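*Asks:* Give the three-dimensional model of this entry:
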Amino acid sequence: MDLSDSPDEARFRTRIRDWLTETLPTLPWPEPARLEDKRAFWSVWQRKLFEAGFAGLSWPAEFGGAGADAKIKAIFNEEMDRAGAPERLNIIGEDFAGPTIVAFGNDEQKHRYLEPILNGEQIWCQLFSEPESGSDLASLRTKATKVDGGWKIQGQKIWTSRAQIADNAILLARTGGGDRHKGITYFLLPMSSHGVTVRPLAHMLGEAEFNEVFLDDVFLPDGAVVGEVDGGWKVAMGTLAFERVGIATGRVNTTRAVNDLIEQVKRKTDDEGNPLSGKPEIRDRIADLYGRALTHYLIGQRVITGAASGQPPGPVTSIGKLYFCPLVEDIADFGLEVTEFGGQFGLAEDADNADADQQRWLRLAYQARGTAIAGGSTFIQRNIAAERVLGMPRN
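*Replies:* Here you go, the predicted structure:
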């Protein structure tokens, strides 16, 4: 594992840092708060990334990317985070759907879908999870029935992030019987298709980031199939591998979050005017979080180093996710304590009365609980580590 920048990596870091310094002030700030209002702002941002050659960094150059390895992409994410750049609204498209189409799609699919992902024209969502079929993905019941020229899709998906603003989706549906892993097919679905209904689901803060999606006799042509009919499980595992690398290396920059928490502690005093930073119990908790954040960073570097050398994502991504989720929960919960958020974590009705710092930690606290389920639940990740790392039997 190499933690230092090579000369090429150092040059790239300087390049992206200088570009961010020059470009961020040109965006039409402020960024909208509501998801439905973010698209126009995000499209401007994505177009600038695309024109500067920073979109799809890890994609092959022949498909509009830069052919960069995982370490370059990690440097890009670090510098984006450091500069306070806008969030990427199309993570599903750029990090999951696009690489899957590159790896498994046919020429027509690559020509049709890849560039609009990178240039900001199209946003994607992921139609995998279903009611009673989340972490046990192979138990899905959405059915695709063969008809003349294509397929009719019937079923329901849930917990679909950003479906209400998505143009396209990656979709799993059952097309065959027998072995449940062999009877699944991977489709590309235009969200404007007749029979698609999106119903937003409000989360604990009262916002609708997730959605239910109902598929009522939705027609998809044969050309919507990615890979082989009944062979979608292999394609889906490729998509989930891309997702778990992202989670293991950190959708949240834990080191930055802890450093921000340290700065808040330095500014705070107790009821008697004594600085919080002088209290032993506070210092102990900060030291614990800082050490754990550093460990998480090193786990991420291990994943990135392996990916950069061509190794496929392995069980270390599950270990990274297992370490990451409780760490983010503890950072956010301590942030709420430090900012004195009413002494009550979890009361969404109090969120409107929270200041900016409290809002940030509250959102992170909710996000952390959701991340423990996303990309394979904690229980699934423990099974992977137990079986593939420790060699324990499935029974």
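
*Asks:* Helices of the protein, start to end?
*Replies:* Secondary structure of the chain (DSSP state H): helices at 7-23, 35-52, 70-83, 91, 98-104, 107-118, 232-249, 254-267, 280-308, 316-338, 356-371, 378-388.

*Asks:* Give me the angle between the first one and helix 70-83.
*Replies:* For helix 7-23 against helix 70-83, the angle by axes from the mean of the first three to the mean of the last three C-alpha atoms, to 10 degrees is 30 degrees.

*Asks:* tell me what helix 7-23 is packed against?
*Replies:* For helix 7-23, the packing partners by 3 or more C-beta pairs under 8 Å, 6 or more residues apart in numbering; DSSP states H and E come out as helix 35-52, helix 70-83. Heads up, the C-betas are built off the backbone N, CA and C, glycines and all.

*Asks:* now those as a markdown table including distance to residue 23?
*Replies:* Putting the helices and strands packed on helix 7-23 into a markdown table (distance: least, C-beta to C-beta, whole Å) gives the following:
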| stretch | distance to residue 23 |
| --- | --- |
| helix 35-52 | 6 |
| helix 70-83 | 9 |
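
*Asks:* of all the ones you listed, which lies closest to residue 150?
*Replies:* Closest to residue 150 of those, according to C-beta to C-beta: helix 35-52, at 29.4 Å.

*Asks:* Could you export that closest one as PDB, CA atoms only?
*Replies:* The C-alpha trace of helix 35-52 is given here as PDB (Å, rounded to 0.1, in the frame of the first residue of the first chain):
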ATOM      1  CA  LEU A  35     -33.500  17.800  -4.600                       C
ATOM      2  CA  GLU A  36     -36.000  18.700  -7.400                       C
ATOM      3  CA  ASP A  37     -34.400  22.100  -7.700                       C
ATOM      4  CA  LYS A  38     -30.800  20.900  -7.800                       C
ATOM      5  CA  ARG A  39     -30.800  19.600 -11.300                       C
ATOM      6  CA  ALA A  40     -30.200  22.800 -13.200                       C
ATOM      7  CA  PHE A  41     -27.400  23.800 -10.800                       C
ATOM      8  CA  TRP A  42     -25.900  20.300 -11.000                       C
ATOM      9  CA  SER A  43     -26.100  20.200 -14.800                       C
ATOM     10  CA  VAL A  44     -24.000  23.400 -15.100                       C
ATOM     11  CA  TRP A  45     -21.400  21.900 -12.700                       C
ATOM     12  CA  GLN A  46     -21.300  18.500 -14.500                       C
ATOM     13  CA  ARG A  47     -20.900  20.200 -17.900                       C
ATOM     14  CA  LYS A  48     -17.800  22.100 -16.500                       C
ATOM     15  CA  LEU A  49     -16.300  18.800 -15.200                       C
ATOM     16  CA  PHE A  50     -17.000  17.100 -18.500                       C
ATOM     17  CA  GLU A  51     -15.400  19.900 -20.600                       C
ATOM     18  CA  ALA A  52     -12.400  20.000 -18.300                       C
END
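
*Asks:* what's the offset of it from the middle of its chain?
*Replies:* 17 Å (C-alpha atoms, centre = their mean, to the nearest Å).
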